[in-house]
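> I'd like to go over a predicted model; first the sequence, then the structure.
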There are 2 protein chains.
Amino acid sequence: MRLLDEQSIEDIAVGATILGTGGGGDPYIGKLMAIDAVLEHGPVKLIEPCDVDDDALVIPVAMMGAPTVLVEKIPRGDEIFEAFGALERRFGRKAVATMSIEAGGVNSTIPLAVAARLGMPVVDCDGMGRAFPEIQMVVPHLYGVKATPMAMADEKGNFVMLETIDNFWTEKISRAVTVVMGGSAIIALYAMTGKQLKEATVYGSLTLAETIGRTLREAKQAKKNPVKELLKLVRGYELFRGKIIDVVRRTVAGFARGEARFEGIDDYAGHELIIQFQNENLVAIKDGRIIATVPDLITVLEIETGLPITTEGLRYGYRVTVIGIPCNPKWRTPKALEVVGPRYFGYDIDYVPIEERVKEVIG
Amino acid sequence: MRLLDEQSIEDIAVGATILGTGGGGDPYIGKLMAIDAVLEHGPVKLIEPCDVDDDALVIPVAMMGAPTVLVEKIPRGDEIFEAFGALERRFGRKAVATMSIEAGGVNSTIPLAVAARLGMPVVDCDGMGRAFPEIQMVVPHLYGVKATPMAMADEKGNFVMLETIDNFWTEKISRAVTVVMGGSAIIALYAMTGKQLKEATVYGSLTLAETIGRTLREAKQAKKNPVKELLKLVRGYELFRGKIIDVVRRTVAGFARGEARFEGIDDYAGHELIIQFQNENLVAIKDGRIIATVPDLITVLEIETGLPITTEGLRYGYRVTVIGIPCNPKWRTPKALEVVGPRYFGYDIDYVPIEERVKEVIG
């Protein structure tokens, strides 16, 4: 057990946004909510999955919807506790902790706000080790954990509870509700016992996010190259350096879909990169050849600071470094690739680990 | 208190479909479910609103969605009890009775199936005295009763509970869920105390529906003109007799929208009638002049038998009588007309009671 203070939250917000691979929500709102809660109620206890009793209840909280909307539609605040409390009432008992269901700017920090306000620890794990756009795209799903009962609340005061036959139906129904709620909703879902938690989550996500954030911060202070330090830490690859020359973005059926084009600079002059996204970055194509795909992580960073740019933050003229990070091995099984591989997102290609793709394209 | 047997249900199904004014669901499915339940569990007790204690709980059940879909997508059966039971659990007590939220083929008979199976009485009232397409279009809404908590269940086993800030949000969210559930859902909503029930419902709907059905049946046996007998009973107007020459129907956003054109026969030769509908018939236009609008009832009947034809049953070549029936006076206040008047449905006209419209157009 250790404590997360204001600085930890700042670092987590940065690091989680990098793991959020373009999605997971704008870090600003979640960070403010978490810092606000910590300043009022004191630091958050961070516990390990093995600290949770096998039969204890843990309830993740998150924000659902297109990141484009989250930026403009601020949560009221107490709808998070409504959603969380509704699941506790549904199970007829108190949760011992909360956690992140995905790594991402909003979705790594909102559980910290809940934990601080409820005086409850947060578990150092998450459901993905990155961000994904759909409800069933979490490791717990691969281990048979149900997303429902799922509570949804909006900032106006509307509330919906779902109990479905499977996680795909949960995605369909909750997506439709999110759209009607105005494009975003606060959700509590994938309630797990300690036993499920230990088996079916990605460990150490908050600590990894914090370490990433701290690495970038300290590199800057030490006048080192932040991107290089980051790549060393996460065993990632530099895929491209360039300037954004075009961004097409539409909010469709509750998702932000689109693509961004980058014109190479420095060593990459004369080359082009395209990133296609659905909330998160899905595929990176360099000069017509695929260089990285889901479930591996593709993240766009400011070239100087290494700070992440989410898909809704991509703007013409930005100078960026695009990096790739190997995903958690739990995503690389055939069963997992059915859920989050490129074919699920409509690409007629097999998943090839980024290590091999990079070797092939960059050499 | 009296008992409703198989014959009562047959008559109610016919009469309620006439009150359903084109919507309220195909009578066949609901009738079969109710008869099946009555054959197995015995007749249903029909009680008066004044028989319900002021603080007792009554839970209406219904089917939501486009009638076009209801015909093809048969309920599994037990989802009705899931929805009903979920509201009982939500309130932490048993309901003493169920009731119809609207008069209509399915929605007058489904509560009978529930009542028979649960050994519970059904109250002789409903929320509209007719059918309407949207959740907030009920008399209880005018009296401040909330539609939520509202339970929704589909035949696949998915379940959703809503708690909203107002009945318009309930309509928006539940409509989106209904669409995702495949176009129809079983719902339990507008739970009321006996006190609310006595103030905020249309009395005697089931008895009226039954009387209408019996009148048509007996007229046929006595070789009388069923439509004439019906018009006497409900103080209605014959608006047109004709042949259907065109039907345009689309299922849009969970509704069946469209229009039907009729070419006059007999006294009406050389004239034309158009009916526009959204699940229910909304407006009847004779030779370019409006002759009836919501909230008054517009119903299409088989010319010989007087049996009702719902909007999804309208077919080219059918010979029909179109009738109009004055709506319950509770729908004629300015506040009510904001909710169900022609302007709400996008018509740039004021509501004029059918008695005056008919005098004006027919003379």
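That came in fine, so what should we check first? Residues are numbered from 1 along each chain as shown, chains lettered A, B, ... in the order given.

> residue ranges with poor pLDDT in the stretch 201-350 of chain A?
A:254 (pLDDT under 70).

> Spell out the secondary structure type for A:Arg89.
State at A:Arg89, reduced to three classes by DSSP: H, G, I helix; E, B strand; the rest coil: helix.

> How many residues are close by it?
13 (other Cβ atoms under 10 Å in any protein chain shown). For glycine as for every other residue, the C-beta is placed from the backbone atoms N, C-alpha and C.

> quick one: it from chain B, how far?
10 Å (Cβ to the nearest Cβ, to the nearest Å).

> likewise A:Ile35?
Taking Cβ to the nearest Cβ, one finds A:Ile35 at 29 Å from chain B.

> Sticking with that residue, tell me its helix or strand.
helix A:27-41 (DSSP states H and E).

> Return the set of buried residues in that helix.
A:27, A:29-31, A:33-38 (16 or more other Cβ atoms under 10 Å in any protein chain shown).

> And it, what does it pack against?
In terms of contacts (3 or more Cβ pairs under 8 Å, 6 or more residues apart in numbering or on different chains; DSSP states H and E), helix A:27-41 is packed against helix A:6-19, helix A:105-118.

> was I right about A:Glu259 contacting A:Phe277?
Yes. A:Glu259 lies in contact with A:Phe277 (Cβ atoms under 8 Å); the separation is 6.9 Å.

> of all the helices and strands packed on helix A:27-41, which gets the most neighbours per residue?
Highest mean neighbour count of these: helix A:105-118, a mean of 28 (counted as mean count of other Cβ atoms under 10 Å in any protein chain shown).

> Can you name every helix or strand that that helix contacts?
helix A:6-19, helix A:27-41, strand A:44-47, strand A:57-65, helix A:78-91, strand A:97-99, strand A:122-123, helix A:205-221.

> So which of the ones you listed is nearest B:Met64?
For the helices and strands packed on helix A:105-118, the distance to B:Met64 is smallest for helix A:78-91, at 22.9 Å, taking Cβ to Cβ.

> Could I get the average pLDDT for that closest one?
Summarised as a single mean, pLDDT over helix A:78-91 is 92.

> in it, what counts as buried?
A:79-88, A:90.

> Check which helices and strands that helix is in contact with.
So helix A:78-91, by 3+ Cβ pairs under 8 Å, 6+ apart, packs with strand A:57-65, helix A:105-118, strand A:150-153, strand A:159-163, strand A:184-188.

> By residue count, what's the longest strand in chain A?
strand A:237-252 (DSSP state E).

> Tell me which of A:Glu259 and A:Phe277 has more neighbours.
A:Phe277 (29 against 18).

> Now do the helix or strand harbouring that one: which elements does it pack against?
Assigned by DSSP H and E, A:Phe277 falls within strand A:272-278. Using 3+ Cβ pairs under 8 Å, 6+ apart, the elements in contact with strand A:272-278 are strand A:237-252, strand A:255-264, strand A:280-286.

> now do 10 Å
strand A:237-252, strand A:255-264, strand A:280-286, strand A:289-293, strand A:297-302, strand A:319-325 (3 or more Cβ pairs under 10 Å, 6 or more residues apart in numbering or on different chains; DSSP states H and E).

> could those go into JSON lines alongside distance to chain B?
Shown next, in JSON lines, are these (distance: least, Cβ to the nearest Cβ, whole Å):
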{"stretch": "strand A:237-252", "distance to chain B": "15"}
{"stretch": "strand A:255-264", "distance to chain B": "15"}
{"stretch": "strand A:280-286", "distance to chain B": "23"}
{"stretch": "strand A:289-293", "distance to chain B": "29"}
{"stretch": "strand A:297-302", "distance to chain B": "30"}
{"stretch": "strand A:319-325", "distance to chain B": "34"}
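
> how about these, which one is nearest B:Thr299?
Here strand A:237-252 is closest among those (Cβ to Cβ), at 40.8 Å.

> now the angle from the closest one to strand A:272-278?
50 degrees (axes from the mean of the first three to the mean of the last three Cα atoms, to 10 degrees).

> So what are the sheet partners of strand A:237-252 and their directions?
strand A:255-264 (antiparallel), strand A:319-325 (antiparallel) (DSSP bridges).

> Out of those strands, which is the most enclosed?
strand A:319-325 (a mean of 24).

> Could you work out which of the helices and strands packed on helix A:105-118 reaches nearest to B:Leu4?
Closest among those, using Cβ to Cβ: helix A:78-91, at 36.8 Å.

> can you pull the contacts of the nearest residue to A:Gly194 once chain neighbours are set aside?
Nearest residue to A:Gly194 in three dimensions, chain neighbours excluded: A:Val52, at 3.7 Å (Cβ to Cβ, 6 or more residues apart in numbering or on different chains). A:Val52 sits next to A:58, A:96-97, A:99, A:121, A:123, A:125, A:192-198 when contact means Cβ atoms under 10 Å, 6 or more residues apart in numbering or on different chains.

> Which one of the helices and strands packed on strand A:272-278 lies nearest to B:Ile165?
strand A:237-252 (23.9 Å).

> Check the gap between the closest residue to A:Arg319 other than its chain neighbours and A:Phe262 for me.
Spatial nearest neighbour of A:Arg319, chain neighbours left out: A:Ile303 (4.5 Å); criterion: Cβ to Cβ, 6+ apart. As judged by Cβ to Cβ, to the nearest Å, A:Ile303 and A:Phe262 stand 11 Å apart.

> A:Thr17 is nearest to which of the helices and strands packed on helix A:78-91?
The nearest among the helices and strands packed on helix A:78-91, by Cβ to Cβ, is helix A:105-118 at 4.1 Å.

> list residues touching both of A:Ile303 and A:Phe262?
Joint contacts of A:Ile303 and A:Phe262 (Cβ under 10 Å, 6+ apart) are A:241-243, A:318-322.

> Would you format the residues you listed as a markdown table with distance to A:Ala292 included?
Output for the shared contacts of A:Ile303 and A:Phe262, formatted as a markdown table (distance: Cβ to Cβ, whole Å):
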| residue | distance to A:Ala292 |
| --- | --- |
| A:Arg241 | 15 |
| A:Gly242 | 15 |
| A:Lys243 | 19 |
| A:Tyr318 | 19 |
| A:Arg319 | 20 |
| A:Val320 | 15 |
| A:Thr321 | 14 |
| A:Val322 | 9 |
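
> Just the closest of the residues you listed to B:Leu233, please.
For the shared contacts of A:Ile303 and A:Phe262, the nearest to B:Leu233 is A:Tyr318 (74.3 Å; Cβ to Cβ).

> Not counting sequence-adjacent ones, nearest residue to that closest one?
A:Ile244 (4.7 Å).

> which SSE is A:Met137 in?
Applying DSSP H and E, one finds A:Met137 in no helix or strand.

> confidence score at it?
The model's pLDDT for A:Met137 equals 95.

> got the contact list for the closest residue to it other than its chain neighbours?
Nearest residue to A:Met137, sequence neighbours excluded (Cβ to Cβ, 6+ apart): A:Val340, at 5.0 Å. Residues in contact with A:Val340 (Cβ under 10 Å, 6+ apart) are A:128, A:130, A:132-134, A:136-139, A:141-142, A:282, A:294-295, A:327, A:331-332, A:351.

> quick one: the residue of chain A most remote from its centre from chain B, how far?
In chain A, A:Gly270 marks the outermost C-alpha relative to the chain mean, sitting 32.4 Å out by Cα atoms, centre = their mean. Distance from A:Gly270 to chain B, counting by Cβ to the nearest Cβ: 48 Å.

> How about that residue: what's its closest non-neighbour residue?
Closest to A:Gly270 by Cβ to Cβ, 6+ apart is A:Gly264, at 6.1 Å.

> returning to that earlier point: pretty sure the residue farthest from the centre of chain A is in a helix, no?
No. If the criterion is three-state DSSP, then A:Gly270 is coil and not within a helix.

> Is it in contact with A:Lys286, as I believe?
No. If you go by Cβ atoms under 10 Å, A:Gly270 and A:Lys286 don't touch, sitting 11.8 Å apart.

> quick one: common contacting residues for those two?
Contacts common to A:Gly270 and A:Lys286, judged by Cβ under 10 Å, 6+ apart, are A:Gly264.

> on that earlier part again, what about the residue nearest to A:Tyr318, distance to A:Glu304?
In terms of Cβ to Cβ, A:Ile244 sits 15 Å off from A:Glu304.
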